[in-house]
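Visitor: What follows is a predicted structure for the sequence shown.
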Amino acid sequence: MFDILNQRTSELEKSQAQIETIYETSHTLGERLNLDEVVEEILNMVQNILGYGFFSIFILFDKDTLSLLGEIKEGEKKKYPEPKAERLKGVLQGVVSTGEPKRIFDITKDPDFESDTDGIKSFIAVPMISRGKVIGVMIARSTQIGAFLDQDEKIFSILASSAALAVENALLHQKTQELTIVDELTGLYNFRYFSNKLRAEIRRAKRYHLPLSLIMIDIDWFKRCNDTYGHLFGNRVLQEMSQRIKESVRDVDVICRYGGEEFAVILPQTKKTDAQMIGERIRHRVESGDFVSEDKDSKAKITVSLGVASYPENGRTSKELIEKVDEALYLAKGRGKNLVWTV
């Protein structure tokens, strides 16, 4: 009898200590505005305070999809800067739709639970609710049957509540930051971002002795296009142009709207000959198909002129590289347009 009472007292004291630690740590969590740092802190709290060996945190991407931000698997933490998408279904779908936690004492006896390859026997999922709305789910798993009790659900829910607010604040901050570096019309990075990114890439190229190239793109006869078809069609051309450039370059390349009808592409670890080939691919992609208005009433053939310059042969600073790529672009325009020119 006394042994049982002592055990229950010990469990209550442990739970109370966990709750107090979560509340204390939540202040630090709430001060972080970088999503990566927020996820790192949540993983630390789960590992150090709750001691869970299997844990995952998801945010709701849309009504049918979850994005995995981070997880703990057999004690090893892992974050996903590019969240992994997973279809919302089964138990988690129920947690999201009801906004209520779900505990499974023995998953081998639960028909709604899919088989697990990690030897998992029990499971708990709690909704992440911020401002009355479910924004994600946190789940913990165990290789022991019945590992999660009422008190575990209570503590896990407290952590999920703090995590939800921190994650939502970080996402809002991220969107605000993106507005300052993204061009509203095209969705590409703007000139401000371009300037900082080019300087950063030049520093990296210097440090690791890597090549770096820059392409400047200008739409030929764009003013005439605006005068003939109107500015709405001109905007449509800029948007379609952005898409065609994206389709012509690699994932590592950085596309920016430099200003007006000019675009810039930063090509990390790229020699001039390769950059020229990429420029030619862009030029061909642009001229290969008509640009059509949204209402399909107007269409036009559009071409671009491109200048190419490379580090270090054309410049060792961002100012020098931009001057040289401008020179190349000027020569491409002057020699008949619809050309790729290198210096």
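Guide: Noted; the coordinates are in hand. Numbering: from 1, shown residues only.

Visitor: Following element in sequence after the regular element (helix or strand) spanning residue 206, please.
Guide: Assigned by DSSP states H and E, residue 206 belongs to helix 191-208. Sequence-wise, the next helix or strand downstream of helix 191-208 (DSSP H and E) is strand 212-219.

Visitor: got the angle between that next one and helix 191-208?
Guide: Interaxial angle of strand 212-219 relative to helix 191-208 (axes from the mean of the first three to the mean of the last three Cα atoms, to 10 degrees): 150 degrees.

Visitor: Buried ones in the very next helix or strand once past strand 212-219, by neighbour count?
Guide: Heading C-terminal from strand 212-219, the first helix or strand you meet, by DSSP H and E, is helix 222-229. Residues 222, 225-226, 229 are the ones in helix 222-229 that count as buried (16 or more other Cβ atoms under 10 Å). Every C-beta, even on glycine, is put in place using the N, C-alpha and C of the backbone.

Visitor: what does stretch 315-328 give?
Guide: Using 16+ other Cβ under 10 Å as the test for burial, stretch 315-328 gives 315, 318, 321-322, 324-328.

Visitor: same thing with stretch 100-112?
Guide: Here stretch 100-112 shows 101-104, 107 as buried, counting by 16+ other Cβ under 10 Å.

Visitor: And for stretch 120-133?
Guide: 120-130.

Visitor: Kindly report the same for stretch 204-217.
Guide: In stretch 204-217, counting by 16+ other Cβ under 10 Å, buried: 205, 211-217.

Visitor: Tell me the secondary structure at residue 82.
Guide: The local conformation at residue 82, judged by DSSP: H, G, I helix; E, B strand; the rest coil, is strand.

Visitor: and it, what does it touch?
Guide: Contact analysis of residue 82 by Cβ atoms under 8 Å, 6 or more residues apart in numbering lists nothing.

Visitor: Once you drop chain neighbours, what's closest to residue 330?
Guide: Spatial nearest neighbour of residue 330, excluding adjacent residues (Cβ to Cβ, 6 or more residues apart in numbering): residue 307 at 7.3 Å.

Visitor: What strand or helix carries the one you found?
Guide: Here residue 307, judged by DSSP H and E, is contained in strand 304-311.

Visitor: burial of residue 35, as a residue count?
Guide: Using other Cβ atoms under 10 Å, residue 35 has 20 neighbouring residues.

Visitor: centre of the chain versus stretch 84-99, how much separation?
Guide: Chain-centre distance of stretch 84-99: 21 Å, with Cα atoms, centre = their mean, to the nearest Å.

Visitor: before we move on, what about stretch 195-211?
Guide: Chain-centre distance of stretch 195-211: 22 Å, with Cα atoms, centre = their mean.
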